[in-house]
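> Let's see this in three dimensions:
(4 chains)
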There are 2 protein chains.
Amino acid sequence: MKISAQEEFGLRCLLQLARAQATGETLTLSQIAGREGISVANAGKLMWILNKAGLVQSQRGIKGGYHLARPTSEIHLNQVISVLDGERVDSHCKSYAGVLDACVHTGDCGIRPVIVELHQIVANALAGITLSQLLDTEANVDATLHQIQITKQRTEQRA
Amino acid sequence: MKISAQEEFGLRCLLQLARAQATGETLTLSQIAGREGISVANAGKLMWILNKAGLVQSQRGIKGGYHLARPTSEIHLNQVISVLDGERVDSHCKSYAGVLDACVHTGDCGIRPVIVELHQIVANALAGITLSQLLDTEANVDATLHQIQITKQRTEQRA
DNA sequence: TCTAAACCTTACTTTAAAGTCAACTTTAGT
DNA sequence: ACTAAAGTTGACTTTAAAGTAAGGTTTAGA
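Residues are numbered from 1 along each chain as shown, chains lettered A, B, ... in the order given. I've put the predicted structure just below:
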């Protein structure tokens, strides 16, 4: 229940494109990779996943590059996160019959609905945040950090 | 951003103890492992982590076993989840200076507050659920599955 | 006080995810 | 058409998480 490296870098790449989009420019793989400090190969893999999911669009050839497929206000975090960890195997089902449908969709084991519900809660929380909101957050780091401290204290009191 | 195998089985073990607690009994490692279909060694490791975190208490010796340290209504999911994946390394910081404090607490890189905020959102969502609520869910599987379908549709519309 | 049941702990093995590399395909410009 | 820049794809290597095993420590009861 943590954000993986792949999820984080994918999100970072999207934010790069979002900033570029403001001035109407596209970014090449080398530009994206260079700014994030990751290899071009790794950035290419991430962008391929995001492209396949319809979040970004690419232009091949000598004047090519990547740009967002939609405005930042229409990209919700649950889409980004679910795409980026979509390849991972479901841990619970692996230890059971091995057939995903056998327990996710029929609920034939007692705990499965609980796990599904937890994932649903997280997805709903993430669905409430858009890329444009994140950009605002980033532009106002100090205020956000302060807000996080308050939220943290509340959570600890609650706990 | 998924529940790992360790998190899931740890949660399952707690639910076992919660059910046992209703009748006042404690469970041995073999009982827990047997009911969950995992090895005694693995169950022992999980219970050791939960014990260290103060979520369960153990009694050694020939009449020993495990029981919950608190009532089910006082155990919130964010505690359980954070303890069970607490050992994992933070992916982002690994790729930077390598010192955790350098970016989590000072916010000296632009994206870090965003990631911290995402984790906080998830933690808050999980903090709103207790073990006793999960037990209710489990006891009413069909209704929950139906509810999940509705929530899912709403999320997709939103997306 | 001796023993067996049961928990505690560390080290090792296995397995899956993350990241890298290299060859291929496409496209804009000359 | 040719070429060089840029995206696409699949195979390979590395690394960290998950699971296993074995020995140690504690405790209740005979």
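> where does chain A have low pLDDT?
Scanning chain A for pLDDT under 70 picks out A:86-114, A:137-159.
> would you list every one of the helices in it?
A:5-22, A:29-36, A:40-52, A:77-84, A:91-94, A:100-104, A:112-127, A:131-139, A:141-158 (DSSP state H).
> Are the second one and DNA strand C in contact anywhere?
What it means is helix A:29-36. No: for helix A:29-36 and DNA strand C, the contact criterion (C-beta under 7 Å from any atom of the strand) is not met; the two come no nearer than 8.8 Å. C-beta here means a position set from N, CA and C on the backbone, and glycine is covered the same way.
> Report the buried residues of that helix.
Across helix A:29-36, burial judged by 16 or more other C-beta atoms under 10 Å in any protein chain shown covers A:29, A:31-33, A:36.
> Just list what that helix packs against, helices and strands only.
For helix A:29-36, the packing partners by 3 or more C-beta pairs under 8 Å, 6 or more residues apart in numbering or on different chains; DSSP states H and E come out as helix A:5-22, helix A:40-52, strand A:65-68.
> where does chain A come near DNA strand D, residue by residue?
So chain A meets DNA strand D at A:28-30, A:41, A:44-45, A:47-48, A:51-52, A:58-66, A:91, A:95 (C-beta under 7 Å from any atom of the strand).
> switch the cut-off to 6 Å
A:28-29, A:41, A:44-45, A:47-48, A:51, A:58, A:60-62, A:64-66, A:95 (C-beta under 6 Å from any atom of the strand).
> Next to DNA strand C in this structure, residues from chain A, please.
A:4-6, A:38-39, A:41-42, A:45, A:60-63, A:88-89.
> Can you select the buried ones from those in PyMOL?
The PyMOL command for the buried members of these (criterion: 16+ other C-beta under 10 Å) is given here:
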select buried, chain A and resi 4+6+38
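> on that earlier part again, make a markdown table from the helices and strands packed on helix A:29-36 and add distance to chain B to it.
Below are the helices and strands packed on helix A:29-36 laid out as a markdown table (distance: least, C-beta to the nearest C-beta, whole Å):
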| stretch | distance to chain B |
| --- | --- |
| helix A:5-22 | 4 |
| helix A:40-52 | 11 |
| strand A:65-68 | 16 |
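> Quick one: closest of these to residue A:134.
Across these, the minimum distance to residue A:134, taken as C-beta to C-beta, is reached by helix A:5-22, at 6.6 Å.
> Next, the buried residues of the closest one.
Here helix A:5-22 shows A:6-18, A:20-21 as buried, counting by 16+ other C-beta under 10 Å.
> Likewise for stretch A:121-129?
In stretch A:121-129, counting by 16+ other C-beta under 10 Å, buried: A:121-127, A:129.
> wait, does it contact chain B?
Yes: Stretch A:121-129 is in contact with chain B by C-beta under 8 Å from any C-beta of the partner chain, via A:121-127, A:129.
> quick one on the thing from earlier: select, out of the helices and strands packed on helix A:29-36, the one closest to residue B:73.
helix A:5-22 (33.0 Å).
> which strands and helices sit next to the closest one?
helix A:29-36, helix A:40-52, strand A:65-68, helix A:77-84, helix A:131-139, helix B:91-94, helix B:112-127.
> 7 Å - rerun?
On a contact count with 3 or more C-beta pairs under 7 Å, 6 or more residues apart in numbering or on different chains; DSSP states H and E, helix A:5-22 meets helix A:29-36, helix A:40-52, strand A:65-68, helix A:77-84, helix A:131-139, helix B:91-94.
> of all the ones you listed, which gets the most neighbours per residue?
Most buried of the helices and strands packed on helix A:5-22, by mean neighbour count (mean count of other C-beta atoms under 10 Å in any protein chain shown): helix A:77-84, with a mean of 21.
> tell me what that helix is packed against?
Applying 3+ C-beta pairs under 7 Å, 6+ apart, we find helix A:77-84 packed against helix A:5-22, helix A:40-52, helix A:112-127.
> Okay, angle between the shortest one and helix A:77-84 too, please.
Meaning helix A:40-52. 120 degrees (axes from the mean of the first three to the mean of the last three C-alpha atoms, to 10 degrees).
> Can you tell me what sits against helix A:40-52?
A:6, A:9-10, A:13-14, A:29-30, A:32-33, A:36, A:56-58, A:66, A:83-84 (C-beta atoms under 7 Å, 6 or more residues apart in numbering or on different chains).
> State the pair within these that is farthest apart.
Between any two of the contacts of helix A:40-52, the greatest separation by C-beta to C-beta is 23.1 Å, found for A:30 and A:83.
> Just give the number of residues close to residue A:3.
Applying other C-beta atoms under 10 Å in any protein chain shown, we find 21 residues neighbouring residue A:3.
> Backbone dihedrals for it, both of them.
phi -80, psi 120 (degrees, to the nearest 10).
> Just the residues contacting stretch A:7-17, thanks.
A:27, A:32, A:35-36, A:38, A:43, A:46-47, A:50, A:55-56, A:66-68, A:80-81, A:84-85, A:131, A:134-135, B:1, B:91-92, B:111, B:115.
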